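1. have a look at this prediction, sequence included:
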Amino acid sequence: MKRILFFILLLFCNHCFTQPENTDITNQLIQFERQNFEKRHALKNLSLASSNFEVNYYRCGWKIDPAVRYINGSVTSYFNILTATNNIVYDFTNQLGVDSIIFHKQKIAFSQTLDNTLVINFPSFLSAGTKDSVSVFYKGIPPGSGDFTGGFVQSAHEGVPVIWTLSEPYGAAGWWPCRNGLDDKADSIDIYITCPSQYKASANGILVDTLTIINNTISHYRHHYPIASYLVAFAVTNYSVFTTTVDVNNVTVPVIQYIYPEDLAGFKNKTYLFLNALKLFSTYFGTYPFYKERYGQTEFGFGGGMEHQTNSFVKSADEILMVHELAHQWFGDKVTCGSWQDIWLNEGFAEWMATMFYTEKIDTKSYYISVLNDLKDIVSQPNGSVWVDDTTNSNRIFNSRLSYHKGAFLLRMLRWTLGDSAFFAGLNNYLNDTALAYGFARTADLQRNLQNVSGVNLDDFFNQWFYGQGFPSFKLQWYQQPLSGKLYFKVDESASDPSSINFFKVKLPVQLINGADTQTIALQCDNNDQVFILNNPGYIVTGIVIDSDKFIISANDTVSNNKDAFKDVLNGTTAKVTVVPNPVSGIATVTLNNILGNTRVQLFSITGSLLFNKTINVTQTPATLQIPFSNLASATYKLVVTEENGTKHHLTILK
């Protein structure tokens, strides 16, 4: 689900079931230990629907009067039997009464269970591959809002009644029978909403037609894209309807908003904001995924928003809120997380797109403030993983610090690690992966697509930042020789939660300051006590700043100019490997001092690609070898020399 307005959160934090939790979660985090491989990959979606069938289509009819908390419904589902059976099981609350179930024009047996499932018993066995349909007729007062009961809310605005739904993560079964897990999307859906004629109904997809009979209006919505059950929604009140269009990638997309009359002017004045975002996102991530139908917004009473497919429900015309919900149409709706363990694939992406990527393009000042605020929240506690280990708790699923802010920062770090070209190409591959598009994805699917494009192994990255907990604190010591101008760096780090991750391997941005001028280099940190040596950059360094643009999650970093830290290197007692020239333009000469035996010399790109690999048998010292750089791009490279006894020497080379 979505961004939550802070003052609303304070009022409703004890009862809301989809908003991120901003309250103290220290006691929960104490229990968030690293889990084993099997548990990591377990699907924990709290759906008890049977796995012997899949749904292809829903036809839903709901009779609603917003002045009365009540639903009269019928849901016909077209399904495909996967394994031979004489019954199927839907997720459905036992607080709503089923009048009858019709199969082949006949009533058939069923039972409602205490664990909120609806068991439908067929008169005979259905073989695998059978395609059929069944209709469920039901009515009653839906249960109150909660994690697992329902998302059917009656409220009011300006004294006018309104009923709206919000089902993430588990609430769909609280008001309609469906498969409520993250393993099945219906290919399409038709929705018929009957309500008193003074009201208007808003739902997913396109409004096909309306029909007024006596004092009631029937609104027919049709949506012909795959949709997860928690993204199905409707709202009914005295809406004002505002329609416009937006052109993206040679396609005209209708934009239809259902707004409370008293707020219409405000929404009209701010519509251009999310239309600009829609254009921006279509440029970078592909045309709006549901362009054949429409995009819309519906005002409702929850203290934030919800990315209902094609029709985001929003509390207000707040810019970042609207952009956040829009972003979900790509990340969350087109590609939906395949487990609530991976909710960051929805929320981390939307947070990054709204508060970092969108603001970066339109408002640099706001962008940097957002980055700093997210970082401050992430490091406010020493532990907690982006990976959700307890999907029975919606407060843990929608934890603002971890699923939203840290999830967004994972993307920021991936962009820095891979570079813009590979990063954005990888995201587009992910969105258009035929195994994922308009379906479900896990974090491993994102990693796979990023690796396929970049050629970079990201196992360490995801083990550290997705599964792992905490963050590093960097201690950087440096010294510049006065005559040669050569720069020495030593980087050590400590972890906030060493029981989870003891050392974070990172591509560390380091800014060199020379008066008003700056230059940023990257140091690939793979272990403590690493010493990096750079030749004269051509100026006197007056200061050093770690990660000035905040590309890495860290806190309490320190920098000191300390000649004593390099006394062994400066005395020549440990300077076993030197590179000349550095920076290099054509050929770099590597000199090995006091190293004998089989020695491996490797050159890596800053992203980890192996560019040079040679093992030599050193029989006398010093020994030299040459590495050609003429065909390599201007960048930062890492030289690793491994002695026969396993001792490694790391040097950074600039071109």
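-> Received, thanks.
2. how about the CA coordinates for stretch 230-240, as PDB?
-> As requested, C-alpha coordinates have been extracted for stretch 230-240 and formatted as PDB (Å, rounded to 0.1, in the frame of the first residue of the first chain):
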ATOM      1  CA  TYR A 230      -6.100  -7.200  -3.200                       C
ATOM      2  CA  LEU A 231      -6.000  -4.600  -6.000                       C
ATOM      3  CA  VAL A 232      -9.700  -4.900  -6.700                       C
ATOM      4  CA  ALA A 233     -11.700  -2.000  -5.200                       C
ATOM      5  CA  PHE A 234     -14.700   0.200  -5.300                       C
ATOM      6  CA  ALA A 235     -16.000   3.400  -3.700                       C
ATOM      7  CA  VAL A 236     -19.500   5.000  -3.600                       C
ATOM      8  CA  THR A 237     -20.600   8.500  -2.700                       C
ATOM      9  CA  ASN A 238     -21.700  11.800  -4.300                       C
ATOM     10  CA  TYR A 239     -18.500  12.000  -6.400                       C
ATOM     11  CA  SER A 240     -17.800  14.800  -8.900                       C
END
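3. do me a favour and average the pLDDT over that stretch.
-> Averaging the model's pLDDT scores along stretch 230-240 yields 98.
4. next one: stretch 555-572
-> Confidence over stretch 555-572, taken as the mean pLDDT, stands at 88.
5. stretch 461-474 now?
-> When the per-residue pLDDT values of stretch 461-474 are averaged, the result is 97.
6. buried residues, that stretch. List them.
-> Residues of stretch 461-474 classed as buried: 461-462, 464-474 (neighbour count, 16 or more other Cβ atoms under 10 Å). (C-beta placed from N, C-alpha, C; glycine too.)
7. want to throw these into a markdown table with distance to A444 and secondary structure?
-> What follows is the buried residues of stretch 461-474, written out as a markdown table (distance: Cβ to Cβ, whole Å; DSSP: H, G, I helix; E, B strand; the rest coil):
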| residue | distance to A444 | secondary structure |
| --- | --- | --- |
| F461 | 13 | helix |
| F462 | 8 | helix |
| Q464 | 15 | helix |
| W465 | 14 | helix |
| F466 | 10 | helix |
| Y467 | 11 | helix |
| G468 | 16 | coil |
| Q469 | 19 | coil |
| G470 | 22 | coil |
| F471 | 23 | coil |
| P472 | 24 | strand |
| S473 | 29 | strand |
| F474 | 29 | strand |
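8. need those residues in JSON lines (columns: distance to G586).
-> Rendered in JSON lines, the data for these read as follows (distance: Cβ to Cβ, whole Å):
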{"residue": "F461", "distance to G586": "33"}
{"residue": "F462", "distance to G586": "37"}
{"residue": "Q464", "distance to G586": "36"}
{"residue": "W465", "distance to G586": "37"}
{"residue": "F466", "distance to G586": "41"}
{"residue": "Y467", "distance to G586": "43"}
{"residue": "G468", "distance to G586": "41"}
{"residue": "Q469", "distance to G586": "45"}
{"residue": "G470", "distance to G586": "43"}
{"residue": "F471", "distance to G586": "40"}
{"residue": "P472", "distance to G586": "36"}
{"residue": "S473", "distance to G586": "39"}
{"residue": "F474", "distance to G586": "33"}
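9. going by distance to I141, which of these wins?
-> F466 (41.5 Å; Cβ to Cβ).
10. the nearest residue to that closest one once chain neighbours are set aside and K648, how far apart?
-> When the adjacent residues along the chain are set aside, F466 lies closest to V386, with 5.0 Å between them (Cβ to Cβ, 6 or more residues apart in numbering). Taking Cβ to Cβ, to the nearest Å as the measure, V386 falls 30 Å from K648.
11. quick check, nearest of the buried residues of stretch 461-474 to L211?
-> The closest of those to L211 turns out to be F466 (Cβ to Cβ; 50.1 Å).
12. dump the residue contacts of the closest one.
-> Contacts for F466 were tallied using Cβ atoms under 8 Å, 6 or more residues apart in numbering; they are 344, 385-387, 410, 443.
13. distance of N276 relative to Y358?
-> Between N276 and Y358 the distance, using Cβ to Cβ, works out to 9 Å.
14. list the contacts for the closest residue to L610 other than its chain neighbours?
-> Spatial nearest neighbour of L610, excluding adjacent residues (Cβ to Cβ, 6+ apart): F604 at 5.9 Å. The contact partners of F604, taken as Cβ under 8 Å, 6+ apart, are 524, 610-611, 637-640.
15. phi first, then psi, for F604.
-> Backbone torsions of F604, given as degrees, to the nearest 10, read phi -120, psi 150.
16. which residues does it bridge with?
-> According to DSSP bridges, L610, K638 are recorded as the beta-bridge partners of F604.
17. and M413, how many neighbours does it have?
-> Applying other Cβ atoms under 10 Å, we find 18 other residues in the vicinity of M413.
18. wait, it touches I552, no?
-> Yes. Using Cβ atoms under 8 Å, M413 is in contact with I552, at 6.2 Å.
19. what about the closest residue to Q329 other than its chain neighbours, how many neighbours?
-> Nearest-residue entry for Q329: P289, 5.7 Å, with adjacent residues in sequence omitted and distances by Cβ to Cβ, 6+ apart. Counted with other Cβ under 10 Å, the burial measure for P289 works out to 23 neighbours.
20. ok, now the one 4 residues further on?
-> Applying the criterion other Cβ under 10 Å, we find 21 residues in the vicinity of E293.
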